[in-house]
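Undergrad: Attaching a predicted model along with its sequence, questions to come.
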Amino acid sequence: MEMSGPGGSRRTRTVKRRVWGGLRQWKLLGMFEIDQQHEFYSLTCMMKEGLSAAVQNTIDNPIPDELSEDDYKLEVTQIHKDFRMETFAGPVFASLRRSLGMTEKEYQHSLSSEGCYLQFISNSKSKADFFLTNDKRFFLKTQNRREVRFLLSNLRIYMEHLEKFPHSLLVKFLGVHRIKIPHRRKKYFIVMQSVFYPDERIVARYDIKGCEVSRWTDPAPEGSQVIVVLKDLNFEGQFITLDHQRPWLLHQVEIDTAFLRALNVLDYSLLLAHQPLHQDERNHSLSFATLIMRTKKSVNAVSGPAVPGAVPEEDSTLLAPGPEVDCGTSQGHVTDIHGDGSRGHSPEQGEQSSRAGAESAELREFQAQNRRLLPNFKNPLHVIDGPEQRYFIGIIDIFTVYGFKKRLEHLWKRLRHPGQSFSTVSPPVYCQRLCQWVNDHSK
């Protein structure tokens, strides 16, 4: 509620003190529930109502198999009792959600369930507000107009990158909206898939930029339920232990940061969290056929709803059992069971050979797109299993362009922090430095 005058200002401060004093800590590790006493309760209720209607519009008007230029420029305004909600490029984001194996009903239910949204108060310098759906599956973050314009202007190449590299670590943007409430400023916000989902067993979270200035955060007191996202210097002396999956991670970080370098952006973060694996989650032995079944379907704009990395049951008969392969690596080798290939083939052998050739083509495509064997787990695109730990990894905050202001900031920081590494550097240096950090802190 907006108030004017000295009396209104005092009442506003009193209300805010009461709100912050009454915040209830979320029972799962320090989230704050946005209940009726919270200052954002009215806003989040409007967001839920607007998002539900926006997704319903997609349900009622199914997206085409092929996206057009108009789909990228589409703006839809829906009028509600107390506000207006605008949705940008709706069919494009619906296509991405579909490729992630997400149904529109499922997405709608998560965004507009009866449970209150959660507020995450981070130690970030950003002035943005962060909200989570009640199931903690999706992040909603307020953005300024410039950031939204940057995302929408580069949306096509972002989608092309995800199609070319289906297992990319880039954060998955699922919607861009603007809410207009009478007598208030318009508020832009984006919906993202949470990298840290599900988070019930996560023991530590980090925001990594590959530098040292202002990259230490005091950990939460022992026994505290408050979530603290730690930084680079907090991670020193530790490693991301992946063994055979390490080459895949190094290569994918190089691919994704090269994409961001081409966009002339910097100051993005590598989000990292870990949790111990249960005994039954370790040492899975999988056949070549299982590898193909787990990787055939992934992020692809023309795919129907399916769990990323899985194949529908009706397709599984196409893949005959094959020789065992090392599924911990991003590459596999199939033994030539026919020797030099000079022997004749019966019809059955010819069919088997054709099937093996198809499997080999699947594997070559799998390798060319730098795919990996996805874990049988929720949110598999951001989850990588090592021998003993499960890691959650994603690249976020990709909107900071290296323009005039950032160049001045770089010059000032060079004088302010001689001999130290800081975040404001040119995109090529930022890209190379983050890749080097992952290389130095993984094994």
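TA: Received it, and whenever you're ready, just let me know what you need. These figures come from a predicted structure and were not determined experimentally. Numbering: from 1, shown residues only.
Undergrad: any chance you could map the helices in this structure?
TA: Secondary structure of the chain (DSSP state H): helices at 5-21, 41-60, 69-73, 90-99, 104-112, 145-153, 155-164, 232-235, 246-262, 288-295, 347-368, 404-416, 427-440.
Undergrad: okay, now E66: neighbour count?
TA: 9 (other Cβ atoms under 10 Å). Bear in mind the C-beta positions are built from the backbone N, C-alpha and C, glycine included.
Undergrad: And L118, by the same measure?
TA: L118: 20 surrounding residues under other Cβ under 10 Å.
Undergrad: Could you shift the numbering so residue one becomes 25, and keep it that way?
TA: Noted, 25 is the first residue going forward, which turns the last one into L142.
Undergrad: picking that back up, with respect to burial, which of the helices of the chain scores highest?
TA: Mean neighbour count (mean count of other Cβ atoms under 10 Å) peaks for helix 114-123 among the helices of the chain, with a mean of 24.
Undergrad: Tabulate the CA atom coordinates of that helix in PDB.
TA: In PDB, the C-alpha atoms belonging to helix 114-123 read as follows (Å, rounded to 0.1, in the frame of the first residue of the first chain):
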ATOM      1  CA  GLY A 114       5.100 -16.800 -24.600                       C
ATOM      2  CA  PRO A 115       5.300 -19.500 -27.400                       C
ATOM      3  CA  VAL A 116       9.100 -19.500 -27.200                       C
ATOM      4  CA  PHE A 117       9.300 -20.100 -23.500                       C
ATOM      5  CA  ALA A 118       6.500 -22.600 -23.700                       C
ATOM      6  CA  SER A 119       8.500 -24.500 -26.300                       C
ATOM      7  CA  LEU A 120      11.500 -24.500 -24.000                       C
ATOM      8  CA  ARG A 121       9.400 -25.800 -21.100                       C
ATOM      9  CA  ARG A 122       8.100 -28.600 -23.300                       C
ATOM     10  CA  SER A 123      11.600 -29.600 -24.300                       C
END
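Undergrad: quick check: mean pLDDT across that helix?
TA: In this model, helix 114-123 has an average pLDDT of 97.
Undergrad: any low-confidence regions in the chain?
TA: 25-54, 147-149, 307-383, 386 (pLDDT under 70).
Undergrad: okay, which residue is most central for it?
TA: V195 (3.0 Å; Cα atoms, centre = their mean).
Undergrad: my guess is that residue meets G418, correct?
TA: Yes: V195 lies in contact with G418 (Cβ atoms under 8 Å); the separation is 5.5 Å.
Undergrad: Now for these two: what residues contact both?
TA: V219 (Cβ atoms under 8 Å, 6 or more residues apart in numbering).
Undergrad: OK, contacts around H441?
TA: V237.
Undergrad: try T101
TA: Counting by Cβ under 8 Å, 6+ apart, the residues that T101 touches are R108, M109, E110.
Undergrad: Among those, which are located in strands?
TA: Among the contacts of T101, the ones falling in strands (DSSP state E) are R108, M109, E110.
Undergrad: can you redo the contacts of T101 as JSON lines with neighbour count?
TA: Conversion of the contacts of T101 to JSON lines gives the following (neighbours: other Cβ atoms under 10 Å):
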{"residue": "R108", "neighbour count": "16"}
{"residue": "M109", "neighbour count": "21"}
{"residue": "E110", "neighbour count": "18"}
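Undergrad: Which of the residues you listed sits closest to R170?
TA: Distance to R170 across the contacts of T101 (Cβ to Cβ) is lowest for E110, with 16.8 Å.
Undergrad: list the contacts for that closest one?
TA: So E110 contacts E99, V100, T101, Q102, H201, R202, I203, K204 (Cβ under 8 Å, 6+ apart).
Undergrad: And the buried ones among the residues you listed, selectable in PyMOL?
TA: Per 16 or more other Cβ atoms under 10 Å, the buried members of the contacts of E110 correspond to this PyMOL selection:
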select buried, resi 100+201+202+203
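Undergrad: will you turn the contacts of E110 into a markdown table that also has distance to N400?
TA: Formatted as a markdown table, the contacts of E110 follow (distance: Cβ to Cβ, whole Å):
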| residue | distance to N400 |
| --- | --- |
| E99 | 39 |
| V100 | 37 |
| T101 | 41 |
| Q102 | 38 |
| H201 | 33 |
| R202 | 38 |
| I203 | 38 |
| K204 | 43 |
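Undergrad: Please identify the one among the contacts of E110 that lies nearest to G125.
TA: H201 (22.4 Å).
Undergrad: Am I right that that closest one is in contact with V215?
TA: Yes: judged on Cβ under 8 Å, H201 makes contact with V215 at a distance of 7.5 Å.
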